[in-house]
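Colleague: Any chance you can model this:
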Amino acid sequence: MIQIKPAIDYREPCPHCGCALVPDQVLWQGIHICAVAHCPGCGAEIVGDLTVGAAIDFPYQVDRKKGLLFGSALPRAWLGKPFLTSLLNPEEDPGIRLEIEVRERRAKVVILNCIDYLYGHSLLKLLNAQRHLEKDAELGLILLLPRFLRWMVPAGVAELWLVDLPLSRAQSFRPRLDRLIQVECARFEEVHVSPAWSHPADFEVSRFTGVPRHDFKAARFRISFVWREDRTWSSGPRGSNLLHMFGGSRRLLLAWQNRKVRRLFALLRRKFPDALFTVAGLGRTTRFPEWIEDRRVARFDEEAERRSCQVYSESRLVIGVHGSNMLLPSGHAGLTIDLMPDDRWGNFGQDILYQEVDVRLASYRYRFLPVGSDSSAVARCAAGQLAGYDYFRKQMLHRK
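Modeller: Numbers count the residues shown, from 1 in each chain. Next up is the predicted model:
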């Protein structure tokens with residue numbers, strides 16, 4: 001954890017002259033939690049990342065007067081430059097509110113900031129809560145949380161600070177939100193901020209959703225496809241040719257995805273006739289035959305989220321295209337097949353909530369295939385994965 005009260009734990013070098021910066025105050029940018037510091041050597045004022053979230057590995061510093069950004073070139077486009085732009089162009093938003101829900105009054109606290117511009121990033125940060133609840137019991141846990149994740153708040157949290165901030169606006173710096181958070185921090189004797197690891201380990205997803213993980217002993221199970229409409233299972237030569245012929249119609253992409261899912265399920269139905277076949281996820285374009293249960297939604301709310309998690313929990317296998325849409329399915333289902341677009345292999349595994357502690361079983365339960373794989377190839381992989389799980393588990397985990 002990083003202390004920000006009574007002292008600010010920030011001693012980074014000045015990007016101009018190398019002298020140790022002296023922190024003066026904390027600035028809550030939104031995604032970033034920062035120290036506003038001055039340099040005793042050259043007099044520069046620097047806004048620097050505290051090592052939270054992505055800034056653990058890629059911290060940035062900004063000289064607002066000179067409009068300069070300092071830090072790694074790797075995530076500069078999606079992390080560094082938006083940070084600089086936000087500080088140089090603050091947005092006064094008189095309508096923004098911080099809704100405070102006090103469940104337990106504590107004098108010493110740790111704040112877990114879950115604000116981010118991507119849904120998956122926010123959800124993954126929230127999963128850090130379990131570690132603080134179990135290992136930092138001397139501190140009350142405060143969640144700084146976008147409202148859409150309120151349904152996943154685990155028991156034991158001291159306070160909720162809820163923000164109605166759309167993902168599309170989360171990269172901006174809102175001075176009013178900064179001031180509101182500063183006022184709340186003044187109530188406490190001691191304040192720390194969570195490192196909010198970008199992909200934490202050692203958590204139980206059911207503690208957040210209230211839905212149990214898959215029971216491998218259940219006789220009846222689902223095989224589910226996780227539907228999404230902005231990144232489809234439609235790659236491959238035939239799909240590309242169709243798009244070229246019909247001008248890249250979005251509806252054509254979704255019809256092609258529908259056809260591949262129906263073909264996949266038809267092949268698996270021959271081997272697992274007693275399974276329930278389900279399509280879940282976001283978006284209701286196209287229709288499926290009656291033997292495929294359609295559990296898709298037009299929009300997610302708390303009730304829809306929980307119902308979907310129940311579908312995933314009942315699924316021996318979930319299949320879907322890589323993305324944040326696979327986080328909760330992979331966390332609740334027994335087995336997962338993740339279809340990887342060509343440009344997403346660098347994000348391998350980031351959309352999986354690994355709930356298997358044994359690396360041998362994890363390698364079996366979570367599989368990754370190119371999104372260009374056709375229905376037959378995915379069906380073969382899925383059938384082997386489903387049929388062989390018990391045998392694999394007994395062979396690999398045998399102990400004398």
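
Colleague: domains for this structure, by residue range?
Modeller: Domain assignment for the chain, taken from automatic domain parsing, gives 2-88, 98-203, 207-396.

Colleague: end to end, how far does the longest one reach?
Modeller: So that's domain 207-396. Domain 207-396 has an end-to-end distance of 29 Å (CA to CA, to the nearest Å).

Colleague: Could you check how far it is from the centre of its chain?
Modeller: Centroid displacement of domain 207-396 relative to its chain, using CA atoms, centre = their mean, to the nearest Å, is 17 Å.

Colleague: What of the first one?
Modeller: Its chain's C-alpha centre and that of domain 2-88 lie 24 Å apart, by CA atoms, centre = their mean.

Colleague: Could you pull out the helices in the stretch 251-400 of the chain for me?
Modeller: Taking DSSP state H, counting those that start in this stretch as the criterion, the stretch 251-400 of the chain carries its helices at 302-313, 327-332, 359-365, 375-396.

Colleague: quick revisit: weakest of the domains of the chain by average pLDDT?
Modeller: Among the domains of the chain, domain 207-396 has the lowest mean pLDDT, at a mean of 93.

Colleague: before we move on, back to that, output the domains of the chain as JSON lines; include the columns mean neighbour count.
Modeller: C-beta here means a position set from N, CA and C on the backbone, and glycine is covered the same way. Shown next, in JSON lines, are the domains of the chain (neighbours: other CB atoms under 10 Å):
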{"stretch": "domain 2-88", "mean neighbour count": "18"}
{"stretch": "domain 98-203", "mean neighbour count": "18"}
{"stretch": "domain 207-396", "mean neighbour count": "17"}
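
Colleague: Specify the local secondary structure of the residue nearest the centre of the chain.
Modeller: A centroid search over the chain (CA atoms, centre = their mean) returns residue 120, at 2.1 Å, as the residue closest to the centre. Of the three states, residue 120 takes helix under DSSP: H, G, I helix; E, B strand; the rest coil.

Colleague: I'd like to know how far the nearest residue to it once chain neighbours are set aside sits from residue 19.
Modeller: Of all residues not flanking residue 120 in the chain, residue 324 sits nearest, at 3.1 Å (CB to CB, 6 or more residues apart in numbering). Here the criterion is CB to CB, to the nearest Å. By it, residue 324 lies 41 Å from residue 19.

Colleague: just residue 321 next, same as before
Modeller: For residue 321 relative to residue 19 (CB to CB), the value is 49 Å.

Colleague: same deal with residue 299?
Modeller: 52 Å.

Colleague: Also residue 147?
Modeller: 42 Å.

Colleague: how many neighbours does residue 397 have?
Modeller: Neighbours of residue 397 under the rule other CB atoms under 10 Å: 10.

Colleague: Does it touch residue 364 like I think?
Modeller: No. The pair residue 397 / residue 364 is not scored as a contact, 10.8 Å apart, by CB atoms under 8 Å.

Colleague: how about the strands in the stretch 51-200 of the chain?
Modeller: Ranges of strands within the stretch 51-200 of the chain are 61-63, 68-70, 98-102, 108-113, 140-146, 159-163, 190-193, based on DSSP state E, counting those that start in this stretch.

Colleague: Isn't the residue nearest to residue 120 up against residue 116?
Modeller: No. Using CB under 8 Å, residue 324 makes no contact with residue 116, being 10.7 Å away.

Colleague: Next, give phi and psi for residue 4.
Modeller: With angles defined as degrees, to the nearest 10, residue 4 sits at phi -120, psi -10.

Colleague: Go ahead and confirm it touches residue 193.
Modeller: Yes. Look at residue 4 against residue 193 with CB under 8 Å: they come within range, at 5.9 Å.

Colleague: which neighbours do those two share?
Modeller: In terms of CB atoms under 8 Å, 6 or more residues apart in numbering, residue 4 and residue 193 are both contacted by the residues 33, 50.

Colleague: re earlier: looking at the helices of the stretch 251-400 of the chain, which is nearest to residue 66?
Modeller: Residue 66 sits nearest to helix 327-332 of all the helices of the stretch 251-400 of the chain, at 39.7 Å, using CB to CB.

Colleague: helices or strands up against that closest one?
Modeller: helix 119-126, helix 206-209, helix 302-313, strand 315-321, strand 335-340 (3 or more CB pairs under 8 Å, 6 or more residues apart in numbering; DSSP states H and E).

Colleague: what's the closest of those to residue 9?
Modeller: Closest among the helices and strands packed on helix 327-332, using CB to CB: helix 119-126, at 19.6 Å.

Colleague: and the closest one, C-alpha only, in CSV?
Modeller: This file holds the C-alpha atoms of helix 119-126, laid out as CSV (Å, rounded to 0.1, in the frame of the first residue of the first chain):
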residue,chain,number,x,y,z
TYR,A,119,-14.9,-2.2,-18.1
GLY,A,120,-12.5,-5.0,-17.7
HIS,A,121,-9.9,-2.8,-16.1
SER,A,122,-12.4,-1.6,-13.5
LEU,A,123,-13.7,-5.1,-12.7
LEU,A,124,-10.1,-6.5,-12.3
LYS,A,125,-9.2,-3.6,-9.9
LEU,A,126,-12.2,-4.4,-7.8
